[in-house]
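Peer 1: No sequence on hand, only this structure:
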């Protein structure tokens with residue numbers, strides 16, 4: 001009587017442990033390949049349940065003979081999805097009342113345990129060994145399942161190192177919750193197999209991301225505006241945590257996008273070269289090119305890493321410098337103060353009645369840079385004169401010159417009244433406006449570099465002392481004057 005009570009207590013205790021484990025970790029219970037396998041497992045469960053309710057002397061022997069069926073059903077487990085089945089959960093669900101997870105039966109206590117408990121203990125240990133052996137023998141199936149799981153999750157998450165995916169919290173939480181429930185040799189083998197093959201899976205995910213990024217870049221319009229809006233197509237964040245893989249993807253992206261950047265850069269530079277050409281006087285195309293270059297320059301201040309912007313900016317500066325030198329040389333050869341003969345200095349009446357200095361050669365150079373042509377006329381009889389107007393035609397102004405002396409007896413050319421209907425009404429206003437370019441640059445160093453004489457540095461404020469004309473009004477007047485060109 002005591003022995004039967006003890007047996008029932010041990011079996012009940014083991015069932016409570018199994019029920020608790022199954023409830024706590026339902027994801028590691030019975031899961032089979034298909035409905036047919038699940039039906040076979042259900043039938044085996046029912047047979048163990050029936051034998052558990054019988055109290056015949058042959059019950060333990062009949063239950064023990066079902067161990068072959070246990071091995072067959074264990075072989076039908078689905079190992080391709082998380083989590084890896086735990087031997088305790090599988091066996092407790094299959095064996096039911098014949099599951100016993102007590103201590104090993106030693107010689108000192110075996111005689112005190114009845115045949116039913118001894119049979120349950122043998123079935124349980126045999127089931128555990130069968131499950132663990134089956135898992136280890138089919139580790140490649142588990143690894144394949146993990147790789148599929150990694151492919152799915154890596155498409156949504158940041159791509160880290162292969163081993164991190166195979167050993168991190170995600171793998172632990174999904175595939176082997178509470179590692180102590182699994183044999184070490186099984187988990188070590190699974191991790192090794194996963195790590196060896198996960199790199200290819202992650203590389204495939206990275207490949208999909210890089211292809212998407214490249215396709216988006218290729219759809220971008222090949223215009224300066226589109227490139228600036230897209231910040232010259234920097235590589236987007238592909239969320240690749242593996243340094244080696246990230247470096248490879250970066251090289252792939254740059255190699256694919258570089259031709260797009262170069263195409264836009266080359267086309268813009270080509271248009272700039274067409275605008276400047278070999279011209280010696282600025283025209284509307286050059287003014288438009290300068291406007292575009294100024295926009296590029298302003299953007300490079302805040303986007304210095306944009307190779308395309310820097311290349312265009314460098315081309316703008318190079319072509320503008322070449323044009324300025326070429327335009328000044330042509331203008332000064334044609335109408336520099338040296339062509340007038342006589343004094344090498346010039347003055348113009350100021351608004352307050354005094355005579356102010358004029359850097360004539362710098363004015364001629366600046367006029368050509370802005371699109372004006374300056375010519376001189378030196379008749380056999382009478383005073384020479386200067387004609388200024390848009391290079392492409394339009395209203396022009398004439399100013400006659402006369403010889404005079406300034407303090408110290410130094411002879412100079414004095415500019416007379418302005419003749420002609422142009423937006424600027426006095427000689428001092430005209431000379432002051434032309435002395436500085438539309439971009440407010442002083443070409444005096446260019447003139448000197450070309451070997452031509454320059455006078456005193458004259459500012460617009462100096463020339464227009466007492467005048468109501470502002471620098472903005474001067475700029476507006478020159479632009480309106482250029483717009484009248486035919």
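Peer 2: Nice, thanks for sending it over. The model shown is predicted, which means the values in this text are computed figures rather than measured ones.
Peer 1: Is there a neighbour count for residue 141? I'd like the number.
Peer 2: Other residues near residue 141 number 14, with proximity taken as other Cβ atoms under 10 Å. The C-beta positions use only the backbone N, C-alpha and C, and glycine is treated the same way.
Peer 1: what's near enough to touch the residue lying closest to it once chain neighbours are set aside?
Peer 2: Nearest-residue entry for residue 141: residue 79, 4.6 Å, with adjacent residues in sequence omitted and distances by Cβ to Cβ, 6 or more residues apart in numbering. Contact analysis of residue 79 by Cβ atoms under 8 Å, 6 or more residues apart in numbering lists 85, 135, 138, 141, 142, 145.
Peer 1: next one: residue 69
Peer 2: 44, 47.
Peer 1: Skipping adjacent residues, who's closest to residue 82 in space?
Peer 2: Nearest residue to residue 82, sequence neighbours excluded (Cβ to Cβ, 6+ apart): residue 174, at 4.1 Å.
Peer 1: Can you name the helix or strand that the one you found falls in?
Peer 2: When secondary structure is defined using DSSP states H and E, the element that contains residue 174 is helix 169-175.
Peer 1: other SSEs contacting the helix or strand that that helix is followed by?
Peer 2: With elements assigned by DSSP H and E, the helix or strand that comes after helix 169-175 is helix 184-218. Under the contact criterion of 3 or more Cβ pairs under 8 Å, 6 or more residues apart in numbering; DSSP states H and E, helix 184-218 touches helix 115-137, helix 139-154, helix 162-167, helix 243-276.
Peer 1: Now do the third one: which elements does it pack against?
Peer 2: Packing contacts for helix 162-167, counted by 3+ Cβ pairs under 8 Å, 6+ apart, involve helix 139-154, helix 184-218.
Peer 1: Include mean pLDDT and distance to residue 235 when you put these into a markdown table, please.
Peer 2: Putting the helices and strands packed on helix 162-167 into a markdown table (pLDDT from 0 to 100; distance: least, Cβ to Cβ, whole Å) gives the following:
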| stretch | mean pLDDT | distance to residue 235 |
| --- | --- | --- |
| helix 139-154 | 90 | 19 |
| helix 184-218 | 92 | 7 |
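Peer 1: Can you list the helices and strands that the strand or helix carrying residue 327 packs against?
Peer 2: In this assignment (DSSP H and E), residue 327 forms part of helix 307-335. Where contact means 3+ Cβ pairs under 8 Å, 6+ apart, helix 307-335 is packed against helix 224-229, helix 243-276, helix 284-300, helix 360-370, strand 372-377, helix 444-449.
Peer 1: Give me the neighbour count for the residue nearest to residue 82.
Peer 2: Residue 174 is flanked by 16 other residues according to other Cβ under 10 Å.
Peer 1: Just to check, it is in contact with residue 84?
Peer 2: No. In terms of Cβ atoms under 8 Å, residue 174 does not count as a neighbour of residue 84; the distance is 9.5 Å.
Peer 1: From residue 267, how far off is residue 273?
Peer 2: Between residue 273 and residue 267 the distance, using Cβ to Cβ, to the nearest Å, works out to 11 Å.
Peer 1: my bad, residue 476
Peer 2: Remark: distance between residue 476 and residue 267 (Cβ to Cβ) = 33 Å.
Peer 1: Likewise for residue 147?
Peer 2: Taking Cβ to Cβ as the measure, residue 147 and residue 267 are separated by 46 Å.
Peer 1: out of the two, which sits in the busier spot?
Peer 2: More crowded of residue 147 and residue 267, by other Cβ under 10 Å: residue 147, with 19 against 13.
Peer 1: With adjacent residues omitted, what lies nearest to the more buried one?
Peer 2: Of all residues not flanking residue 147 in the chain, residue 201 sits nearest, at 5.2 Å (Cβ to Cβ, 6+ apart).
Peer 1: same check, this time on residue 202
Peer 2: The shortest distance from residue 202 to any residue that is not its chain neighbour, by Cβ to Cβ, 6+ apart, is 5.2 Å, and that residue is residue 159.
Peer 1: Over to residue 166?
Peer 2: With sequence-adjacent residues excluded and distances taken as Cβ to Cβ, 6+ apart, residue 166 is closest to residue 194, at 3.7 Å.
Peer 1: got the contact list for that neighbour?
Peer 2: The neighbours of residue 194, taking Cβ under 8 Å, 6+ apart as the test, are 143, 146, 147, 150, 162, 165, 166, 171.
Peer 1: Let me have these in TSV, adding distance to residue 120 as columns.
Peer 2: TSV is the format used below for those (distance: Cβ to Cβ, whole Å):
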residue	distance to residue 120
143	34
146	34
147	39
150	40
162	44
165	41
166	37
171	34
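Peer 1: Tell me the one of those residues nearest residue 186?
Peer 2: The closest of these to residue 186 turns out to be residue 143 (Cβ to Cβ; 11.3 Å).
Peer 1: Can you get me a residue count around that closest one?
Peer 2: As a burial measure, the neighbour count of residue 143 was computed by other Cβ under 10 Å and equals 23.
Peer 1: what sits against the nearest residue in space to it that is not next to it in sequence?
Peer 2: If you skip the residues right next to it in sequence, residue 143 has residue 193 as its closest partner in space, 4.0 Å away by Cβ to Cβ, 6+ apart. Contact analysis of residue 193 by Cβ under 8 Å, 6+ apart lists 139, 140, 143.
Peer 1: I'd like to know how far residue 193 sits from residue 163.
Peer 2: 12 Å.
Peer 1: tell me the domain boundaries of this protein?
Peer 2: When the chain is parsed with automatic domain parsing, its domains come out as 2-137, 143-213, 243-332, 336-483.
Peer 1: Can you say which of those domains is nearest to residue 228?
Peer 2: When the domains of the chain are ranked by proximity to residue 228, the top entry is domain 243-332, at 6.1 Å, counting by Cβ to Cβ.
Peer 1: before we move on, back to that, what's the neighbour count on the residue nearest to residue 202?
Peer 2: Around residue 159 there are 24 residues (other Cβ under 10 Å).
Peer 1: That one pairs with what?
Peer 2: Here residue 159 sits in beta bridges with residue 240, as judged by DSSP bridges.
Peer 1: Quick check, pLDDT for it.
Peer 2: Predicted confidence (pLDDT) at residue 159: the value is 85.
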